[in-house]
Every structure is written in C-alpha cells, then in structure tokens.
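Peer 1: The amino acid sequence is not available; the structure is as follows:
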C-alpha cells in the first residue's frame, strides 16, 4: 500500500519535518513524501486525487499558525474556500503536533554546523493534515494529547446588526467554552449570495469570515446539537470543523 504525503516544499523545511513526524510510524507502508510549490496546490492536488482509481492514499500537511508570526493566511483562506463550496466540503482535517527544531535539512543539503540558532526560544508552528472523507483508513500517528479537545469554528455574521459578533461569542460563554483564538479574513461572496443580497452588496468591501478556536475538557459534557442550533440562528455561512486533541508539545518551550 502506498501513502503519498504532500507538503509545502522544498525538502528540508519545517513542513517536510511535520510530514515525516506525522507519518514515519507507517513502517509497513510505502510512504512517499512529495514537495509542492504552494499551500493551495497541496490541497488542490488532494482534491483532484482519486483514491479508488490510483490505489494511493493521499494526505496534505500545511502550516496553520506560527507562535511568533501568527496565522498562515493561505491556509485560513483554504478553509474559507472549502466552507464556501456549494455542496459542502469533502475534506477532513486534523491538527498535527507542533514541530520541534528542524534537523532533516542536514540530510538533504549540507552539514549542520550548529543546532538551535533561533533567537526566539519556543518558536513553534502548528500544522493541519487534510484528507478526503472517502479515505476511511486511520493512518495518522496518535498524538501525545492532553485532556483538552480544541474545536475550530468558522462563520460569518450579519454585518449590519450591532453586536452580532458579541452574540456569537456569548454562545461560548453560555456553554462554558473557553475561546483560545480568534482571527478573521476577508470574505468573498458566492454568486448566489450576491443575487440574494442585491447589487449594492456586490461591490461592498470589508466583509469578514471569523475563525475561532475553543476548548473543553475531555470529561466535560457538551451538547453539540444545541450549540450548533444556536450558532445556526446567529450566523450566515458557518462550519464546525470538529474537535482535535491538543498535543502536549503545544505547551512546551523548546530552544
């Protein structure tokens, strides 16, 4: 069985290390790592791939956020575009472990003269692993997880209603959910939305999609159906991407 793992090239980068970190345990499989020239191409190639015809399981590993420089906007835009798909997304995602300082570059290009020359201790990057829903095999490495489960929610709001964002965030408080991250990106309306909103909306700038992460302890009850009902009543487009185990590396500071 062949497993192909796409990552943002070139070889020897943090993305390459993240891919190996996630799939190196598959010793009984033929794992092929393929460098791709852009983050969108990593996902586009995955979408175009047919697991059944080619008999190859394919995954994409892309960076999501750096602890120093913040969000990787290309990946956030991929989530935005997938959410806007008219037939819903055909992808599954999972958060990968935070990558440790890189060592593989020495194997690819040159000798390592000195390790850990970064000037910001603990600088780390989070990655997402994408796969198609049709891929039912559970090949991802089990994370060294904490009891926390982190959820990712993307949504749009009624921009002209005062307090509309606060109303969405208040749902988290009502369900005793702790928000640990919030970001936004420009939101591009689909053609059917433009026709519904009217011509005046076509050229309107400063529409945004919001990304929030929140967590709940593993042993705590959470009524997902009621939560989604509340979100659905307050938001336009929205997607709850699921719950991810928070890897213990998230809390570590490494040199």
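Peer 2: Sure, I can see it. Values in this document were obtained by computation on a predicted structure and should not be read as measured data.
Peer 1: Low-confidence stretches in the stretch 101-250 of the chain?
Peer 2: 101-118, 136, 141-147, 159-160, 188-205, 217-219, 247-249 (pLDDT under 70).
Peer 1: what about the strands in it?
Peer 2: 125-132, 145-157, 178-186, 208-217, 235-247 (DSSP state E, counting those that start in this stretch).
Peer 1: Just name the most buried of the ones you listed.
Peer 2: strand 125-132 (a mean of 21; mean count of other CB atoms under 10 Å). Placement of C-beta: from N, CA and C, glycine included.
Peer 1: tell me which strands and helices that strand is in contact with?
Peer 2: Helices and strands touching strand 125-132, by 3 or more CB pairs under 8 Å, 6 or more residues apart in numbering; DSSP states H and E, are helix 14-23, helix 39-48, strand 56-66, strand 91-96.
Peer 1: Export the ones you listed to CSV and append columns for mean neighbour count, distance to residue 81 and mean pLDDT.
Peer 2: As requested, the helices and strands packed on strand 125-132 are exported to CSV (neighbours: other CB atoms under 10 Å; distance: least, CB to CB, whole Å; pLDDT from 0 to 100):
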stretch, mean neighbour count, distance to residue 81, mean pLDDT
helix 14-23, 23, 20, 89
helix 39-48, 17, 9, 92
strand 56-66, 22, 13, 91
strand 91-96, 20, 11, 62
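Peer 1: In CSV: those, plus distance to residue 7.
Peer 2: Converted to CSV, the helices and strands packed on strand 125-132 look like this (distance: least, CB to CB, whole Å):
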stretch, distance to residue 7
helix 14-23, 4
helix 39-48, 7
strand 56-66, 5
strand 91-96, 11
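Peer 1: To residue 130, which of those lies closest?
Peer 2: The closest of the helices and strands packed on strand 125-132 to residue 130 is strand 56-66. By CB to CB, the value is 4.3 Å.
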